[in-house]
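Student: Coordinates for the following, if possible.
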Amino acid sequence: MSNETASTPNEVAVLKTSYGEMTIAFWPDVAPNTVENFKKLARAGFYDGTAFHRIIKGFMIQGGCPNSKVGARGVAGTGGPGYQIKAEFNNRSHVRGVLSMARSADPDSAGSQFFICHGNADFLNNKYTAFGKLVAGQDVLDKIAAVPCVGQERSTPTERVEIKSIEVVGEAPAKDAKAK
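Tutor: Residues are numbered from 1 along each chain as shown. Here you go, the predicted model:
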């Protein structure tokens, strides 16, 4: 219980997209390092101008790749922040609205890419790091998931779904008071 104050439980991430806003509550109790990494990248503006580059209706929408920015070099879905974080598998189920880290075959290969489940994906349980859940914007999730897709996996959106910004809000005001 004493660790609950280490990460402010009322912090949320507001994802502002070209399709509207979604709000996500974090789960620092089960994935503290993943939550902190996501918040650090969001505060630094890392996600601003990226896009949801992989969409599979009924499964998930994936974003967070710097290669998805307009004018970026490299293939969308292959980029990251230049480092990887250790997996924090936990008992939270991958159901509609859950925020989780994308990764390659190596469990400890996540960096910046994330996905939001559009449907039940319990086959990912204990194999991917779930670290939050949508608390507002289900309609926006549905709109994004409905974007027509092409490609081998039929997951490449035919139109750009931009992540304009991700803002972390609800921080404890005590931080500013301590800085004085």
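Student: how close does residue 23 get to residue 75?
Tutor: As for residue 23, its distance to residue 75 is 30 Å (criterion: Cβ to Cβ, to the nearest Å). Yep, even glycine has a C-beta here, placed from its N, CA and C like the rest.
Student: Between those two, point out the one with more neighbours.
Tutor: residue 23 (18 against 11; other Cβ atoms under 10 Å).
Student: Please state the backbone phi and psi of the more buried one?
Tutor: phi -120, psi 130 (degrees, to the nearest 10).
Student: Return the residues in contact with it.
Tutor: Counting by Cβ atoms under 8 Å, 6 or more residues apart in numbering, residue 23 touches 12-15, 134-137.
Student: now do 10 Å
Tutor: By Cβ atoms under 10 Å, 6 or more residues apart in numbering, the contact list for residue 23 reads 12-15, 132-137, 140, 167, 169-170.
Student: Check residue 52 too.
Tutor: Residues in contact with residue 52 (Cβ under 10 Å, 6+ apart) are 15, 17-19, 60-65, 68, 76, 115-116, 144-145, 147, 157, 160-163.
Student: ok, the closest residue to residue 56 other than its chain neighbours - contacts?
Tutor: In space, and not counting its chain neighbours, residue 56 is closest to residue 155: 5.0 Å by Cβ to Cβ, 6 or more residues apart in numbering. By Cβ under 10 Å, 6+ apart, the contact set of residue 155 is 53-57, 59-62, 77, 149.
Student: Thanks again, I'm all set now.
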